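Colleague: Compute the structure for the input listed below.
(2 chains)
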Amino acid sequence: MELQNQYETFRQSGAEIVSLAVASLESVEGWCQRAGIRYPVLADPEHRVAEAYGVYNLLGDGLAAPAVFVVGTDGRIVWSQVSLDPGDQPGAQTILEHLPQ
Amino acid sequence: MSQRISPHTWVILGLGVALVAGFALLLAFLGREPGGPAPMITPALANPSPTVEQVAERATPTAQPPTPSPSTSPLSTPAAETLNTSPIPTPVLALPETAPDFTLEQTGGVAFTLSEQLAQGPVVLVFFRIGG
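Modeller: Predicted coordinates for the structure are as follows:
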C-alpha cells in the first residue's frame, strides 16, 4: 500500500500518520495484517470521531468517506481532502506536499 | 451593415441566447411568485441579459445560505434548495477548522490521543474504509 511505502518519509518529515476506520478493533487488526499495514490504525466502531470530523456516512454506507486531515501542532486543520468516491484515497505525495513545514 | 459577422459568431450568439433563455425559464419556474409579472420568453430572445438579471434579483431573497444543521430547518423552501444546488450534486460538507480531540484504541490495543500526539508534531489523519 502506498501510504505504507511512504511511512518512513512521513516520519522523517516529523509528522505522524494515523489511519482511522469505522470498524471494530478486531476488524481493523485483521485488515492491517492482510494489507501489510504497520503504522497505527485506530478503530472508531461507534463512529464518534468520523462524525466529529464531518465525514461519517457521507456515502450513505455507514462508513467514513475517504478523507485526509493534516493537523498542525496548534490543532488547526491546515489541509483536508474529502472524497465522495469510495475508492479515492489521496496519494502519499499529495499529503506530503501539504504537511506544515 | 458594413461590419461583417461570420456565421461562427451567429452560432455562438444563438447558443448563448438559447442558454440564457433556458436559464431564465428555469429561474422563472423555480422562483414563481403568484401575481408577479411572468417573465417573457420573446423579450429574453431579443435582449436576454436584463431579463435574466430581473429574474435573478427576484429569486435572490429566497436563496438562503446552507445552514450547518439541516435538521433545524426542515421547512426551507424547495426553490432555495434547488437554486443552491451546484451542477455536481455533492452533500453539504461541514468540516471542522480545528481538529476535535479524541482518544481511540489503535492496533495493538494501545490508546491514542490526538492532543498527545500533536505535542510531538503534525498529525495526518486518514479515514479508511474497511467493511465489517
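Colleague: rest of the way, CA atoms for contacts and neighbours
Modeller: Noted.
Colleague: helices or strands next to the longest helix seen in chain B in the packing?
Modeller: Ordering each helix of chain B by length in residues (DSSP state H) puts helix B:7-30 first. Packing contacts for helix B:7-30, counted by 3 or more Cα pairs under 8 Å, 6 or more residues apart in numbering or on different chains; DSSP states H and E, involve helix B:41-46, helix B:48-59.
Colleague: Which strand residues bridge the most centrally placed residue in chain A?
Modeller: The residue lying closest to the centre of chain A (Cα atoms, centre = their mean) is A:Ser19, at 3.7 Å. Taking DSSP bridges as the rule, A:Ser19 bridges to A:Val41, B:Val126.
Colleague: Surely it is in contact with B:Leu125?
Modeller: Yes. Here A:Ser19 lies in contact with B:Leu125, judged by Cα atoms under 8 Å, at a distance of 5.7 Å.
Colleague: Quick check: buried residues in the longest helix anywhere in chain A?
Modeller: When chain A is parsed with DSSP H, its longest helix is helix A:25-35. Buried residues in helix A:25-35, defined by neighbour count with 16 or more other Cα atoms under 10 Å in any protein chain shown: A:25, A:27-29, A:32.
Colleague: Name the nearest residue to A:Val28, ignoring sequence neighbours.
Modeller: Residue nearest to A:Val28 in three dimensions, not counting chain neighbours: A:Ala43, with 6.4 Å by Cα to Cα, 6 or more residues apart in numbering or on different chains.
Colleague: That neighbour reaches A:Ala21, doesn't it?
Modeller: Yes. Look at A:Ala43 against A:Ala21 with Cα under 8 Å: they come within range, at 5.4 Å.
Colleague: Now for those two: what residues contact both?
Modeller: Residues touching both A:Ala43 and A:Ala21 by Cα atoms under 8 Å, 6 or more residues apart in numbering or on different chains: A:Val28.
Colleague: list the buried ones in the worst-scoring helix or strand of chain A on mean pLDDT?
Modeller: Least confident helix or strand of chain A, by mean pLDDT, DSSP states H and E, is helix A:2-5 with a mean of 77. Using 16+ other Cα under 10 Å as the test for burial, helix A:2-5 gives A:3-4.
Colleague: what's it packed up against?
Modeller: Against helix A:2-5 (3+ Cα pairs under 8 Å, 6+ apart) you get no helix or strand.
Colleague: Output it as CSV - backbone C-alpha positions only.
Modeller: C-alpha atoms of helix A:2-5 as CSV (Å, rounded to 0.1, in the frame of the first residue of the first chain):
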residue,chain,number,x,y,z
GLU,A,2,1.3,3.4,-1.0
LEU,A,3,1.0,5.1,2.4
GLN,A,4,2.9,2.2,4.0
ASN,A,5,5.7,2.6,1.5
